[in-house]
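K.L.:
the following comprises the amino acid sequence and a computationally predicted model.
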Amino acid sequence: MKMKASTSRAVIRKAVLAGVTLCAAQLASAATVTIATLNNPDMLELKKLSANFEKANPDIKLNWVILEENVLRQRATTDITTNSGQFDVVAIGTYEAPQWGKRGWLAPMNNLPADYDLDDVVKTGRDGLSSNGQLWALPFYVESSMTFYRKDLFAAKGLKMPDQPSYDQIKEFADKLTDKANGVYGICLRGKAGWGENMAYVSTVVNTYGGRWFDENWKAQLDTPEWNRAITFYSDLLKKDGPPGASSNGFNENLTLMSSGKCAMWIDATVAAGMLYNKAQSQVADKVGFAAAPVAVTPKGSHWLWSWSFAVPKTSKSQDAAKKFAEWATSKQYIELVAKDEGWASVPPGTRKSTYARAEYKQAAPFGDFVLKAIETASPNDSTIKKVPYSGVQFVGIPEFQSFGTVVGQAIAGVVAGQTDVASALKAGNAAADRAVRQAGYQK
């Protein structure tokens, strides 16, 4: 029996309308997960590969907010402290996670699926994101700090980098390797103001010079000979052998300088190793050597411990979907995706023991075992010669540090820029740190 044309059109129209209605219903039921993260190469790779997550989870839509590191910290802190619920996943670190979790601001990372294999995650990474045995964030990558150097430039000058350089040796090398006429600088270091920018590095210099932020009674210790020697050394070195505008350079800026052949040495995060050894990203991939972070009077606190990790704020209205994304982004499966896309040298480091056991990783990442050792030996509870009342290698593990650490960072950036002298900067920083802990009731 033949169907009338009008009837046929009506059936088709009805089917199309039903399909549109179904799609609309699916879109309406999809959970939107807004992710706040920083603009470094590892996170941009994650955004690129997240299409795989959306394909596997059509009921979840990802919305990315990618910010400069200092801005991310401000926005994430404001969002969490004001309960605005703007973000469902935030990239935070070993400073925020234990504090925010303890305050009830984060959803606990419990009931992870068996194939996530939490025991495979490096213990240092897990511990740094926990308080009272509760894990508050999942580590995307874990890092310490190390020295990168140009093997070809060292060889040309007949220099040899020791496995554990001293800061005096670093200065000697930098002086000999600086070739400003050809756009090569002896040293690149963080100068951009911020508690997690210049102060992450500067705090390790202070530690190894025998300094500390506070004494046992929470009296600020910035206006001391140890701090003065450390900051004088750091600022003089950058002024003499560093690139122009060093007070504006953070991790990303120095990564660009080093990978384009402008730095003879760079002391920074171990995570940079994978980027510098990636031939697609680095012009010096076959010329980079590595050594431990330098020491002065003590090895204590000379290399930091940090993890960029994903946490889910309690204010998120899509907690289950947000947690599912955090699990995927820190999983073994994700590491395989990066290896396929960028090569094994570029996979997120420091998180999983299984990565370091892989023959492919060992071959592609000659720095692998070295980096893991640096991460495992960084000690947040034993990072200074003299006793202190706080934990943290490159930060003071109290909420107030975010504020006064940035004030001190601005003062020290001013020294590097030639706007103030070391003594004035440290006197102002000491007053700011003292005032903050006094007002918070730490000083008795």
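P.N.:
Done, it's in.
K.L.:
now the strands for the protein?
P.N.:
Ranges of strands within the chain are 31-38, 60-67, 89-92, 130-131, 134-135, 138-143, 145-150, 265-269, 288-292, 306-311, based on DSSP state E.
K.L.:
which elements pack onto the fourth one?
P.N.:
Right, the one you point to is strand 130-131. When contacts are defined as 3 or more CB pairs under 8 Å, 6 or more residues apart in numbering; DSSP states H and E, strand 130-131 packs onto helix 96-102. Placement of C-beta: from N, CA and C, glycine included.
K.L.:
next one: the third one
P.N.:
For strand 89-92, the helices and strands in contact under the criterion 3+ CB pairs under 8 Å, 6+ apart are strand 31-38, helix 69-81, strand 306-311, helix 319-329.
K.L.:
what's the distance between it and the middle of its chain?
P.N.:
Taking CA atoms, centre = their mean, to the nearest Å, the mean C-alpha location of strand 89-92 is offset from the chain mean by 11 Å.
K.L.:
parallel or antiparallel, which strands does that strand pair with?
P.N.:
Its sheet considered, strand 89-92 pairs with strand 31-38 (parallel), strand 306-311 (antiparallel) by DSSP bridges.
K.L.:
what residues of the shortest one count as buried?
P.N.:
The neighbour-count criterion (16 or more other CB atoms under 10 Å) identifies 306-311 as the buried residues of strand 306-311.
K.L.:
what does the first one give?
P.N.:
By neighbour count on 16+ other CB under 10 Å, the buried set for strand 31-38 is 31, 33-38.
K.L.:
for the chain, which residues score under the pLDDT cut-off?
P.N.:
By pLDDT under 70, the low-scoring segments of the chain are 1-29.
K.L.:
how does it divide into domains?
P.N.:
Listed domain ranges for the chain are 29-143+306-364, 145-303+382-439 (source: automatic domain parsing).
K.L.:
wait, which of these is closest to Ala374?
P.N.:
domain 145-303+382-439 (5.5 Å; CB to CB).
K.L.:
now that closest one, how far from the chain's geometric center?
P.N.:
Put simply, domain 145-303+382-439 sits 15 Å off its chain's centre (CA atoms, centre = their mean).
K.L.:
just the terminal-to-terminal distance for that domain.
P.N.:
Length of domain 145-303+382-439, first residue to last, CA to CA, to the nearest Å: 33 Å.
K.L.:
repeat for stretch 178-193
P.N.:
24 Å.
K.L.:
so Thr355 touches Pro349, yeah?
P.N.:
Yes: contact criterion CB atoms under 8 Å: Thr355 and Pro349 qualify, at 7.3 Å.
K.L.:
the two: which is more packed in?
P.N.:
Legend: neighbour count by other CB atoms under 10 Å for Thr355 and Pro349, higher for Pro349 (28 against 24).
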